[in-house]
Structures are given as C-alpha cells and as structure tokens.
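Q: Quick one: sequence plus predicted model below, questions after.
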Amino acid sequence: MKRYIYTIFLGFIVGIVGIEFFSLSPVFLHTIFLGIASLLSLYFFVSSMKTINTLFAILFLIAVSIGGMRTLHVYEQLPQNMLQEYVGHTILVQGTIISSIDTREKHSSFIVQLNETHANQKVLVRTQRIHDYRYGDIIALGGTLQTTQVKDKNFALYEASLVRGGVYYRMQYPTITHVGTSTPSQVKHYALTVKDSVYENMNEVIREPVAGLAQGLVLGEKRALSQEWYDTFQRVGMTHIIVLSGYNVAILFAWVIALFFFLPLHVRYTLGVVSVIFLVIISGADAPAIRAGILVVMIALATMLRRQTDAGYFVSIALFGMLLFNPFYLLFDISFQLSALATYGLTYVAPIIENGIKKFYSMNVFTEAFRDTLAAQVMVLPLQIYFFNTVPIIAIFANTILLPFVPLLMVGTIATYFATLISSVMGIFFGSVVTFIGNIFLWGVSLFDSMSTVFHASLSLGAMVCVYLVMVGTYRIIQTDENTHS
C-alpha cells in the first residue's frame, strides 16, 4: 500500500512541476495521456507486460496527469487582471483588509481586497507602522497603483507567490482612511482577536527585547524584534525559531506529552494535539502555522497508532492533501518547502543520526537536540544555499546548545498569558521569569554571533535537485544495509 501512495504522491508532484516548466502547455498533458493509453494497451494485450512495474508506471502517469490538471484548474480560478489601465496612476479605492497586519520595525504591510467597483482585485499595501487597523476593517486608500516587481531571486519567489494568490498590485505608503468594519471570516476574525490579546498581554509583562522573541516563538510575529536582532539570528543560523514553524510546534507538542508522563499514552497525545491547535489559533491561524500543525498531528497520529516507522508515510499523505488543496505551495512557498524538508529530516534522517550517536554516547537532552538539529539542517541546507547563498558554520553548535531554551520560553510565555488572566501579580511574576530566561538565551545568541563565520556558496536549481536525489539514494542504501544486518 505504501508503494502505491508514494507513487501517486511523486507522480502528483511531477505533474505540478511539469505544468510550471512547460508554461501551462496542454501538450504536456496530451503526452501523458498518450503514455497512459499506450501502457494500458500493453498491460492488457501483451502478457509479458502484465507486471507490477507496468502497473506502477500506469499509476504514476495517472497521478502526473491529475497533478497537471489540478494545477491548471487552480490557475483558471485566479481572478483576471482588471486594473492594468490604472497602473502608474494615483487612484482612490475602497476595500477590506483580508490578512493579518504584518508589522516590522519600520513599516506595516497587509492585503486589501477592493470592492466590486474595482472587480474585487487584491492589493498589497505597505505603510508606516500602524496599530489602529485590524483584519476586516474597511478602508479607503489613496495612492499610486503599481504591479509587483522582481528584484532578485528571493523577491521573484515572493512576487510569484503573490500573483498566484491573486495579488497583482501594490501600493506604497498611501493615505488611509477608516470607513467601517466587516467580518470576511468568523474563524479568522476570532483567531486574530485572540492573537492581538496575547500580543498586548506579552508587551505588558515581558520586557524587550525578550517580548519580541516570545512573540516570534509563539505568535509567529516579527513586529517587536528589531532588524539588528533579526540579522544576528540570521548570521547564527537560528532564524527558524523566531518565526512560528514546524519546529516550534513540534517542540510544544513534545513538552506537553513529557509534562503529562503519568497519564496514559493516548491521553498525553490528545493533550499534545489540543496544545498544537491552541498554538495555531493564537498565532492567527495563518497558513504556515496550520500546515505545521497538521504535520505534527500526523506524526502524533502515527505514534498513537503505534506505527512510528510509518511517520513519513503519514507526513506524505498530509503533504499530498496540502498540494491537492493548493499546488502552488510546492514551488512558490518557501515556508512550505522548509517545513516539509525539516519534517522529513526529523522523520527519516534523525533515526540514522541517533544510531550513530548511540555507538559512542547515550541519548540525553543535548544529544537529542543535536540529533534533531543536524537532521533538520541537513535536509534544508541545499535549499538554504540555493535561495540565500550562505552556510552559517556556527549554526549546528549554536542550535545544539541554545535550542533547549526554546521550549522553556514557549511554555513560559503561554503560562504567562494564562497567569495574567488569573492575576496581574502572577502575570508579572511569570513574565519576569520569562524575561530572565530570554535574556540568557539572547546573550548566548550574541556570543555565538561574535564567533560566527558565514561561508558563501551557490547551487543552481538542477544541482539542488541532484543533491536531494543523492540524499534519497544514500538513505535507501543505508536502509538496505540495516535490513540486511538485522
């Protein structure tokens, strides 16, 4: 059964990639359909071709065609470009904020869906730091309409992601006037309301810059973290922890099941899943948090069913469902790519590293941190080199030593929020503890930054794909060798 699922999953991915690289040409699908018809004819009319390999080839090509058709269908659902005649002109428009407000050190950005007068087109708005607007606010915008622009490889990916979300235009620092409020999505509105409550709560009882760090860990926010600190984390190779990612979600899940070790297994894992859902809600239920939550829940499901060796199988099913929902995730969402690769690293690479460690040391909290860090880092490294052209040498050591502080900060931050709901004094106490731990953590980050050395490297797209193929081949060889000696 697993081989069938993996064949379908791989074929679906090839179908998505094929459509993108063949510029949406129907010839691609026609070629696949011809191949399916040919193989079916051989399978049924040539007795020597009635093999399991032929059946897998047919299944693979069917999956390729489904992936291609699904991608074409999603493209057809994108809104038409209706405001091209206004590009470069100053216009006055009205619309609704349909995204969370992404506030950084010097600016805020969000997406506005214009009203029917302007064909419900979406516009990316960047303005000065604001705190007075929320999801669902109806606003009037006055400014110059522009198309998204490509500056370099990273911006090109971001621009492509926006376009495939139907966001064809942007406005830089327009005049903004509040008109009214609406609720495009009740679930999203509730999640962002809870997120804003937690955000304000943290600012009151946790001191800076730890408050910004805590908001990144739990809420996925960068708004209070200065650019200087962000650059420091980037040089040390730890930016993955200051935004809500699959790693952060997995850490919370692991600590919840560890804290309730005295309960039955299924109860502990149920509480872990509930904690993940809570984290997704207070983070604003954004797509990256939801995807990370789903991946962790699938690993938990594999464990609850006592099928830990099938965790990668469960993860693949989840990823297949995500790509079926939105095929654009595969090539145009770096958050999806990093989460998927890191999760596969924890699923497939970590056990191999653990077997190597056990030959010399017993497993403890530090060796486990080293195992998980190295496994995730190995899987994302080629992608990191491809996009950012850098390899932070100090990353492995910094992550191994400092990552044990992350669960303390996450659990402490969540405990601080609930403590403030009970008593302001309790909130201040918990906030002081989190501030103390956070300052030690940031001191460690600064220390490693003073020793950091960034190695500059580059990979082409083809070279990166080859590296991952070599990784898969190496894994298969190791697995075959282990099965032979077991």
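A: In hand now; what should we look at?
Q: the helices in the stretch 301-450 of the chain, which residues?
A: Along the stretch 301-450 of the chain, counting by DSSP state H, counting those that start in this stretch, helices occupy 311-325, 329-332, 334-344, 350-358, 365-388, 395-402, 405-422, 424-451.
Q: Could you provide these in TSV, with additional columns for mean neighbour count?
A: Bear in mind the C-beta positions are built from the backbone N, C-alpha and C, glycine included. As requested, the helices of the stretch 301-450 of the chain are exported to TSV (neighbours: other CB atoms under 10 Å):
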stretch	mean neighbour count
helix 311-325	18
helix 329-332	20
helix 334-344	22
helix 350-358	16
helix 365-388	19
helix 395-402	20
helix 405-422	19
helix 424-451	17
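Q: would you list these in CSV and tack on mean pLDDT and distance to N115?
A: Converted to CSV, the helices of the stretch 301-450 of the chain look like this (pLDDT from 0 to 100; distance: least, CB to CB, whole Å):
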stretch, mean pLDDT, distance to N115
helix 311-325, 89, 27
helix 329-332, 86, 28
helix 334-344, 83, 30
helix 350-358, 84, 50
helix 365-388, 76, 37
helix 395-402, 77, 47
helix 405-422, 85, 37
helix 424-451, 90, 42
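Q: which stretch among these comes nearest L225?
A: Checking the helices of the stretch 301-450 of the chain against L225 by CB to CB gives helix 424-451 as the closest, at 10.5 Å.
Q: Report the inter-axis angle for the closest one versus helix 405-422.
A: Here the directions of helix 424-451 and helix 405-422 differ by 160 degrees (axes from the mean of the first three to the mean of the last three CA atoms, to 10 degrees).
Q: Could you list the domains of the protein?
A: 2-77, 84-184, 194-485 (automatic domain parsing).
Q: Span of stretch 113-128 from start to end?
A: Across stretch 113-128, the terminal residues are separated by 19 Å (CA to CA, to the nearest Å).
Q: Not counting its own residues, what contacts stretch 328-347?
A: 13, 16-17, 20, 71, 74, 157, 160-161, 164-165, 240, 245-247, 250, 287-288, 291-292, 295, 299, 311-312, 315, 319, 322-323, 372, 375-380, 383, 387 (CB atoms under 8 Å, 6 or more residues apart in numbering).
Q: likewise stretch 101-112?
A: 95-100, 122-131, 133-135, 139, 141, 167, 221-223, 225-227.
Q: Just the ones of these in helices?
A: Of these, the ones assigned to helices by DSSP state H are Q227.
Q: Going through the contacts of stretch 101-112, which ones are buried?
A: With burial judged by 16 or more other CB atoms under 10 Å, the buried subset of the contacts of stretch 101-112 is 95-100, 122-125, 127, 133, 135, 139, 141, 167, 221-223, 225.
Q: of the helices of the stretch 301-450 of the chain, which approaches E208 most closely?
A: Here helix 424-451 is closest among the helices of the stretch 301-450 of the chain (CB to CB), at 9.1 Å.
Q: And the closest residue to Y468 other than its chain neighbours, how far from F9?
A: Closest residue to Y468 apart from its sequence neighbours, by CB to CB, 6 or more residues apart in numbering: P382 at 6.3 Å. Distance, P382 to F9, using CB to CB, to the nearest Å: 20 Å.
Q: Equivalent analysis for S197, please.
A: Plainly put, S197 is 40 Å away from F9 if you go by CB to CB.
Q: So which of the two has more stuff around it?
A: Neighbour tally, S197 and F9, criterion other CB atoms under 10 Å: the higher count belongs to F9, 18 against 13.
Q: does that one really touch G321, like I thought?
A: No: using CB atoms under 8 Å, F9 is not in contact with G321, being 10.3 Å away.
Q: Out of the helices of the stretch 301-450 of the chain, flag the one nearest E85.
A: helix 329-332 (27.0 Å).
Q: which residues of the stretch 101-250 of the chain fall in strands?
A: 102-103, 107-114, 122-128, 137-144, 146-147, 167-172, 175-181 (DSSP state E, counting those that start in this stretch).
Q: want to throw those strands into JSON lines with mean pLDDT and distance to F60?
A: Shown next, in JSON lines, are the strands of the stretch 101-250 of the chain (pLDDT from 0 to 100; distance: least, CB to CB, whole Å):
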{"stretch": "strand 102-103", "mean pLDDT": "76", "distance to F60": "40"}
{"stretch": "strand 107-114", "mean pLDDT": "88", "distance to F60": "38"}
{"stretch": "strand 122-128", "mean pLDDT": "90", "distance to F60": "37"}
{"stretch": "strand 137-144", "mean pLDDT": "90", "distance to F60": "48"}
{"stretch": "strand 146-147", "mean pLDDT": "86", "distance to F60": "39"}
{"stretch": "strand 167-172", "mean pLDDT": "88", "distance to F60": "34"}
{"stretch": "strand 175-181", "mean pLDDT": "89", "distance to F60": "50"}
